[in-house]
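1. mind folding the following:
(one chain, ligands or ions: 1)
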Amino acid sequence: MLLNTYEPWKFAFSHENDEIIENSFGIIGVPFDSTTSYHSGSRLGPIVVREASFGFEKYNTVFNKELNTIFYDFGDVNVVPGNCEKTCGIIEDTVNELLDMNLRPIIIGGEHSASIGAIEALSKRHEKLTVIHLDAHRDLAFEFIGEKYSHAAVMRRAHEAGVNLVQIGIRSSSADEEEFVKSTYNIQTFKNKDVHKHMDAIEYYLTNIDGPIYISIDMDVIDPAIAPSVGNPTPGGLFISEIETILETLCHKNVVGFDVVETASDRLGDHTAVVAAKIIYDFLTLIE
Ligand SMILES: [Mn+2]
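-> Down below sits the predicted model:
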């Protein structure tokens, strides 16, 4: 049990956390959606995603590999509803606790602002952190409706923390965001059509990244026909097989943290929650 968490449910196949094995993984949920601007409900994401995780077999047939990675589920972070900045601070403290135990964080959102605290904690420990950001949106607003701590400003805060950014699946942004990308050198973009048409080039690019990697997956990167229960559904998204290929490529790299955010559903058995649980299950199966 971490200082600032409680345990409503645990992800399937998680280990008891009374004896911690170093360099394994620690899951925390972030039941927070106060800055959501369209479809709210991601505060319930951690519960429905964990529940959906029980639908999978320990043997992952897609990758011909059993899920043998050791990981612990520390429950949900005590968020401050309505206060994103304070909540980000609590997430950063909690991620630092995991890092002090030599655990790599896995975050189940919650809205995308959950990534800010994790990236800030990790960027202070790793000099050359690359954030692989799978999303329909750039999330690069300097502020959104007057707020610097917002789901729409996550990657701008990450960029300020000094990380290299690789954005994959992008198909919605503002003119300001596009100007910002042009004005800086360390943001690489692969739009949704690049994923559909040039996956080989993306795999080659990802394989050649040096240094530690943080993966942040906004569920809206996936096509809303497959995953509709998200904060900002956006047509033209990725397919499950494309996510599998990207994960398979990245899991050979030095992945120091991982999040799956923006599942907005209050319904057990919701298919977006099942897809989110599968992404975490696949990651845990594949990661070395
Ligand atoms: Mn998004």
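2. burial count for the residue of the stretch 1-150 of the chain found nearest the ion?
-> Closest to the ion within the stretch 1-150 of the chain is His137: 3.8 Å, counting by C-beta to the ion. Any C-beta I mention is one placed from the backbone N, CA and C, and that applies to glycine too. Counted with other C-beta atoms under 10 Å, residues neighbouring His137 total 27.
3. so which bits of the stretch 51-200 of the chain are right by the ion?
-> Within the stretch 51-200 of the chain, the positions lying close to the ion (C-beta under 5 Å from the ion) are Asp135, Ala136, His137.
4. so the residue of the stretch 1-150 of the chain closest to the ion bridges to which residues?
-> For His137, the residues forming beta bridges with it (DSSP bridges) are Ser172.
5. that one contacts Ile168, doesn't it?
-> No - taking C-beta atoms under 8 Å as the contact criterion, His137 and Ile168 are not neighbours in contact, 11.8 Å apart.
6. helices of the stretch 151-288 of the chain, start to end?
-> Residue ranges of the helices in the stretch 151-288 of the chain, as given by DSSP state H, counting those that start in this stretch, are 154-160, 175-183, 192-197, 199-207, 240-250, 271-286.
7. can you redo those helices as JSON lines with distance to Lys124, mean pLDDT and mean neighbour count?
-> Listed next are the helices of the stretch 151-288 of the chain as JSON lines, based on distance: least, C-beta to C-beta, whole Å; pLDDT from 0 to 100; neighbours: other C-beta atoms under 10 Å:
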{"stretch": "helix 154-160", "distance to Lys124": "13", "mean pLDDT": "96", "mean neighbour count": "23"}
{"stretch": "helix 175-183", "distance to Lys124": "23", "mean pLDDT": "98", "mean neighbour count": "13"}
{"stretch": "helix 192-197", "distance to Lys124": "31", "mean pLDDT": "98", "mean neighbour count": "16"}
{"stretch": "helix 199-207", "distance to Lys124": "24", "mean pLDDT": "98", "mean neighbour count": "14"}
{"stretch": "helix 240-250", "distance to Lys124": "22", "mean pLDDT": "98", "mean neighbour count": "19"}
{"stretch": "helix 271-286", "distance to Lys124": "24", "mean pLDDT": "98", "mean neighbour count": "23"}
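8. now the ones you listed as TSV including distance to Val79?
-> Shown next, in TSV, are the helices of the stretch 151-288 of the chain (distance: least, C-beta to C-beta, whole Å):
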stretch	distance to Val79
helix 154-160	16
helix 175-183	27
helix 192-197	31
helix 199-207	32
helix 240-250	27
helix 271-286	18
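9. quick one: which of those is nearest Phe25?
-> Ranking the helices of the stretch 151-288 of the chain by their distance to Phe25 (criterion: C-beta to C-beta) puts helix 271-286 first, at 7.0 Å.
10. what's that closest one packed up against?
-> Under the contact criterion of 3 or more C-beta pairs under 8 Å, 6 or more residues apart in numbering; DSSP states H and E, the helices and strands touching helix 271-286 comprise helix 45-52, strand 59-60, strand 65-66, strand 104-109, helix 240-250, strand 255-261.
11. indicate which one of the ones you listed is closest to Asp282.
-> Nearest of the helices and strands packed on helix 271-286 to Asp282, taken as C-beta to C-beta: helix 240-250 at 5.5 Å.
12. quick one: the closest one to strand 255-261, angle?
-> Relative orientation of helix 240-250 with respect to strand 255-261: 160 degrees, computed using axes from the mean of the first three to the mean of the last three C-alpha atoms, to 10 degrees.
13. right, I'll call it a day here.
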